[in-house]
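Colleague: missing the sequence, but the structure's below:
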């Protein structure tokens, strides 16, 4: 018997509902897949959101694309380590001879450096680690310490398909992340640039002074900002490098304004540098205080310590000269690769 009326209409709608739902889901899937393919083909796909640090995630992506993790000379720093060490100046030094990578990422304080190094030492065996520092790196900000899954990032760097990691580490901010990456990979006039050069540095072209440049940054140097945990982080980092038979070079980078006799902040900053120097000496590391090697010219900086590309090259030239004078290249060349690989 044929059923007619409202009941038949209800059954008909119910039978069609799954088909409509499947069609809608399929359309969403195709849209997402098309968008992902477009981003992939145009090289605009952001790195998986492994950590709480956009710059660090993008550095992982750079290392994966670069297909090379090992280097005898590496730089481990925060944003100044990115901006103030242009790869061209490092790669062309005859005693480095291209055997160099910049592992730096934005926003790492000294505890963040230590956390990141504990991962790096699992994937690379350098002979020399250069650690550019600035005064901000000794502030204790919780968001300056990255947090990521070591095994997952290691597998990603070694070529595992990133698809699973996009799902596993998907956050609601992925859409915003795509927009940020598209902008930051193109910009080149500020320290939030993600325009990596061939060995992972990010030299910047400062077109004009920014508001932060015109600000008297010395007024913000306060003893309360320097924390014990930051010095402890540096100490543990240098101790780990020494234990692994690696030469450590700590370099205080140039500052926009020099500290002169009679200035209120001179005693505080001298105490800070003295403490860094003692920590370096106790761990067999080198400390080069290069805070005044450039003229006090705001046009050379984007803020207190991020250099434009020309000034960054001058900083690197002087750093390499000091390394030459200390015989660091000869000492690095005499290190036994077997000892390096078994030091852990």
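Modeller: Perfect, thanks for sending it. The model shown is predicted, which means the values in this text are computed figures rather than measured ones. Numbering: from 1, shown residues only.
Colleague: can you map out the helices along the stretch 151-300 of the chain?
Modeller: In the stretch 151-300 of the chain, the segments counted as helices under DSSP state H, counting those that start in this stretch are 163-168, 174-184, 211-214, 228-243, 266-282.
Colleague: export those helices to TSV and append columns for mean neighbour count and mean pLDDT.
Modeller: Heads up, the C-betas are built off the backbone N, CA and C, glycines and all. Converted to TSV, the helices of the stretch 151-300 of the chain look like this (neighbours: other C-beta atoms under 10 Å; pLDDT from 0 to 100):
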stretch	mean neighbour count	mean pLDDT
helix 163-168	13	88
helix 174-184	14	83
helix 211-214	12	52
helix 228-243	19	95
helix 266-282	15	92
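Colleague: point out where the stretch 51-200 of the chain drops to low pLDDT.
Modeller: Across the stretch 51-200 of the chain, the ranges flagged by pLDDT under 70 are 140-143.
Colleague: try 80
Modeller: Counting by pLDDT under 80, the stretch 51-200 of the chain contains low-confidence residues at 135-136, 139-144, 170-175.
Colleague: what about the strands in it?
Modeller: 73-75, 100-102, 128-133 (DSSP state E, counting those that start in this stretch).
Colleague: mind putting those into TSV with distance to residue 144?
Modeller: Supplementary listing: the strands of the stretch 51-200 of the chain in TSV, determined by distance: least, C-beta to C-beta, whole Å:
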stretch	distance to residue 144
strand 73-75	18
strand 100-102	19
strand 128-133	13
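Colleague: and the ones you listed: which comes nearest residue 85?
Modeller: Distances from residue 85 to each of the strands of the stretch 51-200 of the chain were compared using C-beta to C-beta; the minimum, 5.1 Å, belongs to strand 73-75.
Colleague: mind listing the strands that closest one pairs with, and their directions?
Modeller: Looking at strand 73-75 with DSSP bridges, its paired strands and their directions are strand 100-102 (parallel), strand 128-133 (parallel).
Colleague: adding distance to residue 74, write the helices of the stretch 151-300 of the chain out as TSV.
Modeller: Written out in TSV, the entries for the helices of the stretch 151-300 of the chain read as follows (distance: least, C-beta to C-beta, whole Å):
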stretch	distance to residue 74
helix 163-168	24
helix 174-184	23
helix 211-214	29
helix 228-243	11
helix 266-282	18
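Colleague: mind checking the ones you listed for the one nearest to residue 110?
Modeller: Nearest to residue 110, of all the helices of the stretch 151-300 of the chain, is helix 228-243, at 3.7 Å by C-beta to C-beta.
Colleague: tell me what the closest one is packed against?
Modeller: Using 3 or more C-beta pairs under 8 Å, 6 or more residues apart in numbering; DSSP states H and E, the elements in contact with helix 228-243 are helix 110-120, strand 247-252, helix 266-282.
Colleague: any idea how far the shortest one is from the chain center?
Modeller: In other words, strand 247-252. Centroid separation for strand 247-252 versus its chain: 17 Å, with C-alpha atoms, centre = their mean, to the nearest Å.
Colleague: where's the spatially most central residue of the chain relative to residue 187, distance?
Modeller: Using C-alpha atoms, centre = their mean, the residue of the chain that lies closest to the mean C-alpha position is residue 105, 0.7 Å off. In this structure, residue 105 and residue 187 are separated by 17 Å, where distance is defined by C-beta to C-beta, to the nearest Å.
Colleague: over to residue 109?
Modeller: Distance check for residue 109 against residue 187: by C-beta to C-beta, it reads 24 Å.
Colleague: more neighbours: which of those two?
Modeller: For residue 109 versus residue 187, neighbours defined as other C-beta atoms under 10 Å are more numerous around residue 109 (24 against 13).
Colleague: leaving out chain neighbours, which residue sits closest to that one?
Modeller: Nearest-residue entry for residue 109: residue 144, 3.9 Å, with adjacent residues in sequence omitted and distances by C-beta to C-beta, 6 or more residues apart in numbering.
Colleague: pLDDT value on residue 249, please?
Modeller: The predicted structure scores residue 249 at 98 on the pLDDT scale.
Colleague: for it, which residues are in contact?
Modeller: Shown in contact with residue 249 (C-beta atoms under 8 Å, 6 or more residues apart in numbering): 128-131, 285-286, 288, 319, 323, 328.
Colleague: let's see it at 6 Å
Modeller: By C-beta atoms under 6 Å, 6 or more residues apart in numbering, the contact set of residue 249 is 130, 286.
Colleague: any idea how far it lies from residue 241?
Modeller: If you measure residue 249 against residue 241 using C-beta to C-beta, the figure is 10 Å.
Colleague: for residue 46, which of the strands paired with strand 73-75 is the nearest?
Modeller: Between residue 46 and the strands paired with strand 73-75, the shortest gap by C-beta to C-beta is with strand 100-102, which sits at 19.8 Å.
Colleague: that closest one: how far from the chain's middle?
Modeller: 12 Å.
Colleague: ok, stretch 263-278 next?
Modeller: 26 Å.
Colleague: ditto for stretch 165-172
Modeller: Averaging C-alpha positions (C-alpha atoms, centre = their mean) puts stretch 165-172 21 Å from its chain's average.
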